[in-house]
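1. using only what follows, build the 3D model:
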Amino acid sequence: MSTKNVTVMIYSEYIDPALLDDFRNKTGYNVELELYEAQEEMIAKLITADSGKYDVIIASDVVIQQMVHLGLISSIDTNKIPNHVNVAPQFLGQAYDPTNTYSLPYLWGTTGILYRGGKFHPDSVSYSLLFDANNTKGNFSLLNESRSMLSMALQAVGYNANSIKQEELNKAVDYILQAKKDKHFAGFDGSDIGKDKVIADSNWAAIVFSGEAMDAIDTDSTLHYAIPTEGSFMWVDAMTLSSRAKNPEGAYAFMNYILDAKIGAQLAKAINYATPNKASLEIMDDDFKNNRVINPNKQEINRMVFLTDLGEAEKYFDEAWMIVKTK
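-> Here you go, the predicted model:
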């Protein structure tokens with residue numbers, strides 16, 4: 001592989017294609033994208049990948065510590081990324097990377113419920129809309145990500161999203177299994193597929209990420225997005241350096257480019273996620289900054305947490321997800 005290539009592992013539909021051309025024109029580096037749909041798939045690809053296949057890995061905060069433990073990512077030399085000064089303070093020193101050694105934020109967002117029709121105000125939407133067969137108004141899909149879905153179920157039954165108590169996790173599993181028995185349950189989908197099914201009106205609701213929710217609402221203004229009353233979580237997708245990167249200089253160039261004020265603003269507006277870049281935020285219009293799907297209000301933020309690294313309890317979640325998917 002030519003060192004003029006920078007290979008970026010990233011969620012699908014998660015970068016403005018115009019930026020790839022602009023980056024090549026400005027740096028001479030050609031970006032190759034390796035797409036994935038769920039964190040578990042990404043980790044599996046990294047473990048089995050040819051050595052040095054990826055340079056930059058864009059990963060959700062919740063898996064960064066796991067990637068460190070597995071030796072999949074290396075520490076970042078921020079001296080080679082002058083735009084790192086643009087990262088907003090609330091994205092520094094977080095549990096997923098307490099010393100800001102391994103990651104730089106890319107975009108951030110929330111996970112909630114996309115649904116059709118205005119019968120429910122977004123401030124009054126509960127998980128029981130999906131999980132209680134008496135309330136469900138049509139077909140719905142759950143999110144095909146183990147940690148995300150189990151943590152939401154924990155919150156739905158009144159527990160902490162980061163609980164590692166076996167008996168609480170068991171109740172979360174039972175809660176999802178109950179939903180699976182509903183005749184309206186339409187399966188587990190990635191966020192983008194869940195969004196497409198709600199737009200197409202084959203599903204009434206889906207658990208999705210906020211960016212996909214905004215895409216859907218832009219397409220059909222009768223759709224709504226809610227952070228459930230019981231809570232949900234915020235997340236950061238961050239840029240990390242592959243421990244086997246063949247082109248670390250190109251990786252640093254890419255990270256620095258994304259953290260530019262104008263580029264960060266263009267990225268956030270194109271993908272409909274919130275920016276962690278304080279310099280980008282200063283130049284963005286009020287309509288974007290005040291859009292509560294993209295930038296949740298204080299009450300919604302107060303209902304949300306960041307997911308933390310599970311450590312040894314990871315295996316309990318793996319076992320719980322196996323039960324969820326096979327029963």
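2. could you use CA atoms for every contact and neighbour count after this?
-> Fine.
3. quick one: contacts for Pro276?
-> Neighbouring residues of Pro276 by Cα atoms under 8 Å, 6 or more residues apart in numbering: 87-88, 91, 105-108.
4. any idea which of those is closest to Lys45?
-> Distance to Lys45, by Cα to Cα, is smallest for Tyr106 among the contacts of Pro276, at 20.7 Å.
5. okay, and the closest one sits in which element?
-> strand 104-116 (DSSP states H and E).
6. other SSEs contacting the helix or strand just after that strand?
-> Scanning the chain past strand 104-116 towards its C-terminal end, the next helix or strand to appear is helix 128-131 (assignment: DSSP H and E). Identification of packing neighbours for helix 128-131 by 3 or more Cα pairs under 8 Å, 6 or more residues apart in numbering; DSSP states H and E yields helix 166-181.
7. now for Lys195, how many residues are close by?
-> Residues lying near Lys195 (other Cα atoms under 10 Å) number 29.
8. same deal with Ile164?
-> For Ile164, the number of neighbouring residues by other Cα under 10 Å comes to 18.
9. wait, what's in contact with it?
-> If you count contacts by Cα under 8 Å, 6+ apart, Ile164 has them with 310, 313, 316.
10. please name the nearest non-neighbouring residue to the second one.
-> Setting aside the residues directly before and after it, Ala313 is nearest to Ile164 in space (Cα to Cα, 6 or more residues apart in numbering), at 6.2 Å.
11. could I have the CA atoms of the strand holding Tyr106 written out in CSV?
-> Taking C-alpha atoms only, strand 104-116 is exported to CSV below (Å, rounded to 0.1, in the frame of the first residue of the first chain):
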residue,chain,number,x,y,z
LEU,A,104,-9.2,13.1,19.8
PRO,A,105,-13.0,13.6,19.4
TYR,A,106,-14.5,13.5,16.0
LEU,A,107,-18.2,14.1,16.6
TRP,A,108,-20.6,13.5,19.5
GLY,A,109,-24.2,12.6,19.8
THR,A,110,-27.0,10.8,21.7
THR,A,111,-29.0,7.6,21.3
GLY,A,112,-32.7,7.7,21.5
ILE,A,113,-36.0,6.8,19.9
LEU,A,114,-37.1,7.9,16.4
TYR,A,115,-40.8,7.6,16.0
ARG,A,116,-43.6,8.6,13.6
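12. centre of the chain to that strand, how far?
-> The gap between the average C-alpha position of strand 104-116 and the chain average comes to 6 Å, counting by Cα atoms, centre = their mean, to the nearest Å.
13. and the strands in this protein?
-> Taking DSSP state E as the criterion, the chain carries its strands at 5-11, 30-36, 56-60, 73-74, 104-116, 140-143, 185-189, 205-209, 223-226, 232-242, 304-306.
14. output the below-cut-off pLDDT ranges for this structure.
-> Flagging of the chain using pLDDT under 70 yields the residue ranges 1-3, 51.
15. give me that answer again for 80
-> Screening the chain residue by residue with the criterion pLDDT under 80, one finds the ranges 1-3, 49-52, 118-120.
16. residues in contact with Arg303?
-> Arg303 makes contact with 227, 229-233 under the criterion Cα under 8 Å, 6+ apart.
17. at 7 Å what do you get?
-> Taking Cα atoms under 7 Å, 6 or more residues apart in numbering, we find Arg303 in contact with 231-232.
18. check Asn272 too.
-> When contacts are counted by Cα under 7 Å, 6+ apart, Asn272 touches 211, 214, 294.
19. out of the residues you listed, who's nearest Gln178?
-> Within the contacts of Asn272, the smallest distance to Gln178 is 28.2 Å, found for Gly211 (Cα to Cα).
20. measure Gly138 to Asp132 for me?
-> Gly138 sits 12 Å away from Asp132, going by Cα to Cα, to the nearest Å.
21. these two - which one has more neighbours?
-> Set Gly138 next to Asp132 and count neighbours by other Cα under 10 Å: Gly138 wins out with 19 against 14.
22. do I have it right that the more buried one meets Ser202?
-> No: with contact defined as Cα atoms under 7 Å, Gly138 does not reach Ser202; the gap is 8.9 Å.
23. so which of the contacts of Ile164 comes closest to Asn256?
-> Nearest to Asn256, judged by Cα to Cα, of those is Leu310 at 30.3 Å.
24. got phi/psi on that closest one?
-> Here the main-chain torsion angles of Leu310 (degrees, to the nearest 10) amount to phi -80, psi -20.
25. that one: neighbour count?
-> Here the count is done by other Cα under 10 Å, and Leu310 has 18 residues near it.
26. distance-wise, check it relative to Tyr316.
-> 9 Å.
27. ditto for Phe306
-> 19 Å.
28. Asp287 now?
-> As judged by Cα to Cα, Asp287 and Tyr316 stand 43 Å apart.
29. out of the two, which sits in the more crowded spot?
-> In this comparison of Asp287 against Tyr316, neighbours counted by other Cα under 10 Å, the higher total goes to Tyr316 at 16 against 8.
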